[in-house]
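**Student:** Coordinates only, no sequence provided:
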């Protein structure tokens, strides 16, 4: 009887009915009373009562299992004994890992079947009667897991406690700990429906006791029950944070020592970090819920969250925000999970609630929280642009209009955000420049600390450089100063690529001088650490032009900004600040290296872009050295743009719009051509040739009052008189210039018409605007004269230059430049003329070149600009000598006309009279005629056709007798020109006799002109 009472001590006081109900399904395993007595006695003494020997570990464990099956009331003693069995198995398991399976493998394998048997019994009990067994088994299992984790944490085979994944892999490969984990999971799943708190509280209590070695258990359970575990872990961490934080109110976050003063928060971070791989959404929702509930004055947001005890505690609610900040500081993954959505939650009502919550904090703690917030922003791996926009919008003064639906914040909130933004910029400044200082020294140390010197906030902002530049250029008060400072820090941090991109964006997006000044303000601090920034920025702009990434408006703005930057050199000459002017020199030098790229924009389809391009090129300095191919390309596009600008000016004047811009484009084009002409002999020759060819081109003839005809001299037939017959050989053969030229032979023919169709009918000539034609002619002559009278070329080509006594007197025409025009005129008017045809044959010999002479006359009829160009050539003596063949052909046709004319007065043939006057005047200007003969054109309007022919014949005879040879001209150092001494040509009186005869005959009308013809 005493033994029965002694053995009853192992039973607890719980009723047996509930326990024994779980064994009704196995009556065949029931023990008799005597057998049960012997099992209990053996279990207590550890000795086999039958054989009288000590039980082994395996036999003792099986005895405990049999008791657990038969006498559930002794479960406490059995479970306590099984702790040793599990510990023995774990020790053997770890020892086998440490010795690589050389020893102790037998113990582990002998106990593994006992572990499986115990697990099966407990699992069956929990399944049949969860309310009785689940709380007991869960508490036992979680406590044993904690003890085993802490006891064996220092073993060589056990990883460090911070490696949750490795720990989890190790313990789940052990049969004992895996059995305990499965038993606890089964208990938790059974208790969630009616009593989840007891199971989770036991887990967290054990976590606090055995942390951090127990974190792998919480992480694994959290993966299975994320909704329950995450909220409970956060609540436990908050309570622990609050209890430790009240002892010292400082939040030493930046140094990271808070984790050592708050033991549990490190475990919370580890657990949540492990769960974040598969349950990041649940963690994010729970963190945001904790933040919202901490601000809500009415307690929990939802009835389901009322089970947590922290929502009802004012102290815990005040500590929730600092706790979340600390949590985010210790885990970048948690920070990245909530930063983006947290910004969306921070609306004015929430900001006011947050301000009210933080007003009661001490000043030191509040400063530490701001420092922590700055640290978190700088380390935020994602959402940096949204955070920056939120801070800038909230900190912007109320007087500034903020774009978007963001309402004006409270003044206290605005000041707080202003202070936070200033602290952020200061913190980033220290990080950026300390990072640069840290790069110097030991290269190995630099490589090891490279990851530590990465600033995630600036890393993320590198993809938003264009948006930052656009916001900066809005020039809003204080806002653009913050963003400009941040842009500078971002450029220093990102290196040349980011700095180049930022400067390129500012040059592209700036729309006025104030905005453009921000680019120079950005370059000033960057130039010290990033040399060569402006050339790189200009090269990037050129690359954007080539890749067509800029629209017409952006491209135009970029070109105008570059031109404005270069033109600021004038301010330097007026005594302006040296910083901007030195930048202007750098921009000009960089642009001059890419003139061949920018010149292609002169022919852009958008007139605004074309205008901006010519404005840039006309203000940009020319490079000291440049390849001939680039120079020819530049001159060709510049001349083509010149004629386009003339046409756009005329069209703009007709419609009455864009006249000022078109006129400015023409002026810039003239300036560009004159600068190209003064650059080198190659560019001068190219510009002059293309100017002459462009003026005579059929597409530009109407600009200068000419007919749209080909250079063959044949005006197009009237469409009404020549119906479209399709392509035919007869049509082609009837076109002048397509047949073989048989000049001077019996095969010469006159293309006056087609047999059977009559004479050719000239097309109706469109009436051009006289004022526009005169303006275009003057512009063309102005640019031609500027190119020909370049002072630099006069000095280099002529060998010397006559000093100008009068500064208002125009520079003389360069002889070599005039020769280029002369040769180009001859090549375009009459290509078959040889260069040696300078001497004039007798007048009768002109019959052999009738066809060529008619072609020359038609060219002069179709292109009135030829006479002004001849006058320019005449001014550059002796260049007119090289136009001898053209002058001879035109004069021959005029002689034929006046000889055949039956009009009463020469004025009845207006074009021929004008051509005769201009021709003689030009020859006199070029000193192909002496002054007495060069003035005869003054009397032509008063004479009859026959008398005009007599005078022109005298001119012919003089030129024939005194050939127009360049060798007859001698350079005069006094005048700085080539001059001809007519005294060496013999007696001029015999050529003047017809003039005197005509004067005497018409003395009543020509008496006032007699003095002009005295020898």
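**Tutor:** Done, it's in. Keep in mind it's a predicted model, so treat the numbers as computed, not measured.
**Student:** Just the buried positions in the helix or strand hosting residue 555, please.
**Tutor:** With elements taken from DSSP states H and E, the one containing residue 555 is helix 552-567. If you call a residue buried by 16 or more other Cβ atoms under 10 Å, then helix 552-567 has these buried ones: 555-567. Using the backbone N, CA and C atoms, a C-beta is placed for each residue, glycine as well.
**Student:** element containing the closest residue to residue 473 other than its chain neighbours, please.
**Tutor:** Nearest in space to residue 473, with sequence neighbours left out and distances taken as Cβ to Cβ, 6 or more residues apart in numbering, is residue 515 at 4.7 Å. Residue 515 is part of helix 513-526 when elements are defined by DSSP H and E.
**Student:** Give the other helices and strands that the helix or strand that that helix is followed by contacts.
**Tutor:** As assigned by DSSP H and E, the chain's next helix or strand after helix 513-526 is helix 533-546. With contacts taken as 3 or more Cβ pairs under 8 Å, 6 or more residues apart in numbering; DSSP states H and E, helix 533-546 sits against helix 496-509, helix 513-526, helix 552-567, helix 578-592, helix 595-598.
**Student:** between helix 533-546 and helix 578-592, how many degrees?
**Tutor:** Per axes from the mean of the first three to the mean of the last three Cα atoms, to 10 degrees, the angle that helix 533-546 makes with helix 578-592 is 40 degrees.
**Student:** Which positions in helix 533-546 come out as buried?
**Tutor:** By neighbour count on 16+ other Cβ under 10 Å, the buried set for helix 533-546 is 533, 534, 535, 536, 537, 538, 539, 540, 541, 542, 544, 545.
**Student:** so can I have TSV of these showing pLDDT?
**Tutor:** Below are the buried residues of helix 533-546 laid out as TSV (pLDDT from 0 to 100):
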residue	pLDDT
533	89
534	90
535	91
536	92
537	91
538	91
539	92
540	92
541	91
542	91
544	90
545	90
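**Student:** among the helices and strands packed on helix 533-546, which is nearest residue 651?
**Tutor:** Of all those, it is helix 552-567 that lies closest to residue 651, at 18.8 Å by Cβ to Cβ.
**Student:** Packing partners of the closest one?
**Tutor:** helix 496-509, helix 513-526, helix 533-546, helix 578-592, helix 607-619.
**Student:** Taking helix 496-509 as reference, get the angle to that helix.
**Tutor:** Using the same axes, to 10 degrees, helix 552-567 lies at 100 degrees relative to helix 496-509.
**Student:** Need the residues that contact the helix or strand where residue 947 lies.
**Tutor:** Counting by DSSP H and E, the element that carries residue 947 is helix 945-961. Outside helix 945-961, the residues that touch it by Cβ atoms under 8 Å, 6 or more residues apart in numbering are 839-843, 888, 891, 894-895, 897-899, 901-903, 905-906, 909, 913, 916, 920, 923, 928-930, 933, 936, 939-940, 943, 986, 988, 991-992, 994-995, 997-998, 1001-1002.
**Student:** try stretch 510-523
**Tutor:** Contacts with stretch 510-523, where a contact means Cβ under 8 Å, 6+ apart, come from 472-473, 475, 480, 484, 487-488, 491, 502-503, 506-507, 509, 533-534, 557, 561, 564-565, 579-580, 583.
**Student:** which of the residues in it are buried?
**Tutor:** Buried-residue list, stretch 510-523, by 16+ other Cβ under 10 Å: 510, 515, 516, 518, 519, 520, 521, 522, 523.
**Student:** who's in contact with the nearest residue to residue 507 once chain neighbours are set aside?
**Tutor:** Excluding the flanking residues, the one nearest residue 507 by Cβ to Cβ, 6+ apart is residue 561, at 5.1 Å. Residue 561 makes contact with 507, 508, 510, 516, 519 under the criterion Cβ under 8 Å, 6+ apart.
**Student:** ok, so what distance separates residue 561 from residue 666?
**Tutor:** 22 Å (Cβ to Cβ, to the nearest Å).
**Student:** cool, residue 45 as well?
**Tutor:** As judged by Cβ to Cβ, residue 45 and residue 666 stand 119 Å apart.
**Student:** remind me which residues of the stretch 701-850 of the chain are low pLDDT?
**Tutor:** 708-754, 759-768, 790-810, 834-837, 843, 845-846 (pLDDT under 70).
**Student:** now with 50?
**Tutor:** Within the stretch 701-850 of the chain, the stretches with pLDDT under 50 are 710-713, 717-725, 736-749, 791-805.
**Student:** Quickly list the domain ranges of the protein.
**Tutor:** 1-26, 31-206+215-220, 502-625, 629-716+769-811, 723-762, 815-1013 (automatic domain parsing).
**Student:** which residue sits closest to residue 705 in space, ignoring its chain neighbours?
**Tutor:** With sequence-adjacent residues excluded and distances taken as Cβ to Cβ, 6+ apart, residue 705 is closest to residue 773, at 4.1 Å.
**Student:** hang on, isn't that neighbour packed against residue 704?
**Tutor:** Yes - counting by Cβ atoms under 8 Å, residue 773 does reach residue 704; the two are 6.2 Å apart.
**Student:** before we move on, the earlier item: closest to residue 634 among the contacts of residue 561?
**Tutor:** Taking Cβ to Cβ as the measure, residue 634 lies nearest residue 507 of the contacts of residue 561, at 22.1 Å.
**Student:** residue ranges of the helices in the stretch 301-450 of the chain, please?
**Tutor:** Assigned by DSSP state H, counting those that start in this stretch, the helices in the stretch 301-450 of the chain fall at 314-330, 332-345, 348-358, 363-378, 384-395, 411-438, 443-448.
**Student:** Just want to know which of residue 773 and residue 704 has more residues nearby.
**Tutor:** Using other Cβ atoms under 10 Å, the more surrounded residue of residue 773 and residue 704 is residue 704, with 23 against 18.
**Student:** List the contacts of that one.
**Tutor:** Residue 704 neighbours (Cβ under 8 Å, 6+ apart): 695, 773, 776, 777, 780, 863, 864, 865.
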